[in-house]
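Q: Predicted model and sequence follow; I will ask about them next.
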Amino acid sequence: MGVDLESLSEATSGAIGSLVSTTILYPLDTCKTKYQAEVRAAHGQQKYRNLSDVLFEAISSRQVFSLYQGLGTKNLQSFIAQFVYFYGYSYFKRLYLEKSGSKSVGTKANLVLAAAAGACTAIVTQPLDTASARMQTSEFGKSKSLWRILTEGNWHDSFDGLGINLLLTSNPAIQYTVFDQLKQRMLKRKQGEATAAGSSPLALSAFSAFFLGAISKTIATILTYPAIRCKIMIQAAESGNGKDTKDQAPRTRKTIRQVAYSIMKGEGPLGFFKGLRAQILKTVLSSALLLMIKEKINATTWVLVLAVQKSLLLTGASSVKRLKGTQ
């Protein structure tokens, strides 16, 4: 069937955009994750009353650089996840259009295709996602290495949160469906009909991509936030797991029912939305930056891909001619 060059271009630009946005916003992501992972015991006190308390702890303990603990793992997970997602999403969309004969993908079909791409991504990157969450929620300066996290315990531990992660495939499905629909309407209104086949695809301006990315991610985040917080609590490091003791008790596995009960008992129904503003701030900025970078890179990469494809075709044709001439 050959390599799908358009899907490859989409995947590469999306992965690069994710890498850049993740690195820029990582300290905020660490503060947000540690804040979300803490659950207050019934009538007890919380260590972090506000998101800023996490930052203050890092500064007061002289562990500011620990805000970057797990950055390498997060970048690896983010790069692979976005590459797999964008390639799968673009490939499934093109396959759907070819098989159905439709000129565009409807909202319902878009949701299904995005969810399918998200499910593939979740399965492939789950061990890295779990390891990253444990690194971020470890005590400052006491995070374990990626290899140690992946090799301690059994292989089931590396897939903690996979079930809820599969449920959360609805998040990017909602996000990219909303983004695609808004993008198509904006491009049709500003630039008219799509360009002829083989020409450079229409691209949004950086500001437009940022704006639409922010809107689409905000909607997706609000709708799926309770599941997001439960996932972080399931994957969070155990209290004191930064201590290197041989007789340390094995990690306790958590279930959705257990963490949901803990939140309800200690914080009430509103506890499921603890850290929502921080989540929206981080994810909206991250997704908006990702989509903005992806749109700008993709417009350039597509031209390069067509040039490479044309060059390969010409090289192949000349090789065939030379072979025929020698016969």
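A: Yes, it's here. Bear in mind that the values here come from a model prediction, so they are computed numbers and not experimental data.
Q: Helices along the stretch 201-327 of the chain, start to end?
A: Taking DSSP state H, counting those that start in this stretch to define them, one finds helices in the stretch 201-327 of the chain at 206-235, 256-267, 276-326.
Q: do the stretch 51-200 of the chain as well
A: Assigned by DSSP H, counting those that start in this stretch, the helices in the stretch 51-200 of the chain fall at 51-60, 71-100, 107-137, 146-151, 155-158, 162-167, 170-191.
Q: Identify, out of those, the most deeply packed stretch.
A: helix 107-137 (a mean of 21; mean count of other C-beta atoms under 10 Å). C-beta here means a position set from N, CA and C on the backbone, and glycine is covered the same way.
Q: Against which helices or strands is it packed?
A: Counting contacts by 3 or more C-beta pairs under 8 Å, 6 or more residues apart in numbering; DSSP states H and E, helix 107-137 is packed against helix 5-37, helix 71-100, helix 146-151, helix 155-158, helix 162-167, helix 170-191, helix 206-235.
Q: how does it look with 7 Å?
A: helix 5-37, helix 71-100, helix 146-151, helix 162-167, helix 170-191, helix 206-235 (3 or more C-beta pairs under 7 Å, 6 or more residues apart in numbering; DSSP states H and E).
Q: Quick one: work out the angle between the first one and helix 107-137.
A: Angular relation of helix 5-37 and helix 107-137 on a 0 to 180 degree scale: 50 degrees, by axes from the mean of the first three to the mean of the last three C-alpha atoms, to 10 degrees.
Q: One more: the second one?
A: Orientation of helix 71-100 against helix 107-137 (the same axes, to 10 degrees) gives an angle of 170 degrees.
Q: what does the last one give?
A: An angle of 60 degrees separates the directions of helix 206-235 and helix 107-137 when computed by the same axes, to 10 degrees.
Q: still on that earlier bit, tell me which of the helices and strands packed on helix 107-137 sits nearest to L304.
A: Distance to L304, taken as C-beta to C-beta, is lowest for helix 5-37 among the helices and strands packed on helix 107-137, at 8.2 Å.
Q: List the residues that contact the closest residue to L76 other than its chain neighbours.
A: Nearest non-adjacent residue to L76, counting by C-beta to C-beta, 6 or more residues apart in numbering: L128, 6.0 Å away. For L128, the contacting residues are 73, 76-77, by C-beta atoms under 7 Å, 6 or more residues apart in numbering.
Q: and L128, how far is that from N165?
A: 12 Å (C-beta to C-beta, to the nearest Å).
Q: got it, and G70?
A: 17 Å.
Q: Look up phi and psi at E139.
A: phi -60, psi 150 (degrees, to the nearest 10).
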